[in-house]
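> This is a predicted model, with the sequence first.
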Amino acid sequence: MIAFYENRTDDLSCRDCSDGNSRLHFSAHLHSHLELVLFLDGRSTAFCDTERVDLQAGDAFITFPNQIHRYKSFDEERYYIFLINPEILPELSSIFSDFIPASALLRGAAKDKEVLALARHLIALGNDDTPFARFRRGGYLLALLGKLLSLMELNKTLTGDSHALKAVVNFCAHNYTKELSLALLEEELHISRYYISHLFSDKLKMSFNDYINSLRVSSACAFLKANDRSITEIGSLVGFGTLRTFNRAFSKQMGLTPSEYRRVSGFTDTPSIHSIQLIKKGTEL
């Protein structure tokens with residue numbers, strides 16, 4: 001499983017996907033935000049770290065910061081999704097940094113009338129910037145998360161692991177086009193290269209080199225679909241030293257060569273906004 005780091009800058013995102021026109025289908029990723037899905041109807045499979053659950057109507061699914069998660073869609077689902085920066089809720093920040101859920105699934109929690117009412121209040125507020133709207137949002141968030149957290153079993157985690165992982169994936173997300181090594185990360189982040197290697201194998205379930213290649217290949221996909229640069233030039237732009245290493249890493253991850261991917265995907269003369277974001281961030285989301 002290849003996991004991509006999503007560098008979010010927003011404090012709160014509330015999306016109403018209850019019209020049945022959206023699919024709960026996202027590839028493996030992680031970020032420093034709390035992610036909450038209230039699943040209203042349809043069928044989807046959700047994954048968090050090594051946990052796999054089949055979502056049913058009325059379920060809630062919560063991932064804490066820096067947990068790897070993804071969703072696989074089978075139907076036209078209806079759901080609400082919230083991404084919350086823990087820093088805007090200092091009352092709960094220690095919970096999100098020092099604990100981890102025994103399970104990301106809260107079966108039936110989205111059927112609770114209080115939970116649904118609070119979620120709908122948050123969505124209704126949207127980007128309201130009128131006086132005191134921020135306080136109302138904060139109140140609804142505290143009430144909603146307080147309710148859900150009371151239903152969860154939380155296990156103490158190693159705070160050092162969480163902070164170190166965030167620092168490492170942040171650094172990689174911003175520097176994957178350069179020549180990277182565990183020795184360089186050790187020097188730049190003042191974290192032992194052996195500990196960094198442990199984080200990749202234990203938390204991300206992959207090697208350091210595979211992770212860096214996954215970021216580069218993801219960015220290369222955006223270039224291949226968005227413009228007519230040569231394969232060699234794209235490989236160099238995303239950080240591969242030779243065309244051979246680019247082809248090998250791309251084929252390993254995507255199951256086809258860059259040239260084959262370009263033929264299948266096609267490209268436009270002008271990159272879309274989404275493609276530009278992919279190139280900038282090196283993520284799939």
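Received, thanks.

> What ranges does the stretch 101-250 of the chain have for its strands?
105-106, 154-156 (DSSP state E, counting those that start in this stretch).

> Tabulate those in TSV, adding columns for mean neighbour count and mean pLDDT.
Where you see a C-beta, it was placed from the backbone N, CA and C, and this is true even at glycine. TSV is the format used below for the strands of the stretch 101-250 of the chain (neighbours: other C-beta atoms under 10 Å; pLDDT from 0 to 100):
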stretch	mean neighbour count	mean pLDDT
strand 105-106	22	97
strand 154-156	10	88
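
> out of those, which comes closest to Pro65?
Closest of these to Pro65 is strand 154-156, at 13.6 Å (criterion: C-beta to C-beta).

> Quickly run through the sheet partners of that closest one, with directions.
strand 99-101 (antiparallel) (DSSP bridges).

> Need the residues that contact the partner strand.
In this structure, residues lying in contact with strand 99-101 by C-beta atoms under 8 Å, 6 or more residues apart in numbering are Ile62, Phe64, Gln67, Met152, Glu153, Leu154, Asn155, Lys156, Thr157.

> For it, could you pull out the residues that count as buried?
Within strand 99-101, the residues scored as buried using 16 or more other C-beta atoms under 10 Å are Phe99, Ile100, Pro101.

> who's the last one bridged to?
Yep, that's Pro101 we're talking about. Leu154.

> any chance of the buried residues of strand 99-101 in JSON lines, plus pLDDT?
Converted to JSON lines, the buried residues of strand 99-101 look like this (pLDDT from 0 to 100):
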{"residue": "Phe99", "pLDDT": "86"}
{"residue": "Ile100", "pLDDT": "86"}
{"residue": "Pro101", "pLDDT": "92"}
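
> Reformat those as JSON lines; add distance to Arg78.
Shown next, in JSON lines, are the buried residues of strand 99-101 (distance: C-beta to C-beta, whole Å):
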{"residue": "Phe99", "distance to Arg78": "30"}
{"residue": "Ile100", "distance to Arg78": "28"}
{"residue": "Pro101", "distance to Arg78": "24"}
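
> Return the member of these nearest to Ile231.
Ile100 (41.8 Å).

> Which residue comes closest to the closest one once chain neighbours are left out?
Spatially, and ignoring its direct neighbours in sequence, Ile100 is nearest to Thr157 (4.5 Å; C-beta to C-beta, 6 or more residues apart in numbering).

> residues near the closest residue to Lys203 other than its chain neighbours, how many?
Nearest non-adjacent residue to Lys203, counting by C-beta to C-beta, 6+ apart: Leu165, 5.6 Å away. By other C-beta atoms under 10 Å, the residues close to Leu165 number 22.

> Need the CA coordinates for the helix or strand where Asp54 lies. PDB is fine.
With elements taken from DSSP states H and E, the one containing Asp54 is strand 51-55. The C-alpha trace of strand 51-55 is given here as PDB (Å, rounded to 0.1, in the frame of the first residue of the first chain):
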ATOM      1  CA  GLU A  51      -8.000  -2.100  10.200                       C
ATOM      2  CA  ARG A  52     -10.600  -2.900   7.500                       C
ATOM      3  CA  VAL A  53     -14.300  -2.300   8.000                       C
ATOM      4  CA  ASP A  54     -17.400  -2.400   5.800                       C
ATOM      5  CA  LEU A  55     -19.300   0.800   6.400                       C
END
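
> From the contact counts, what lies against the helix or strand following that strand?
Following strand 51-55 in sequence order, the next helix or strand is strand 59-63 (DSSP H and E). Applying 3 or more C-beta pairs under 8 Å, 6 or more residues apart in numbering; DSSP states H and E, one finds that strand 59-63 makes contact with strand 34-41, strand 44-48, strand 51-55, strand 105-106.

> Of the ones you listed, which is nearest Ile212?
Of all the helices and strands packed on strand 59-63, it is strand 44-48 that lies closest to Ile212, at 22.5 Å by C-beta to C-beta.

> The closest one vs strand 51-55, what angle?
Here strand 44-48 runs at an angle of 160 degrees relative to strand 51-55 (axes from the mean of the first three to the mean of the last three C-alpha atoms, to 10 degrees).
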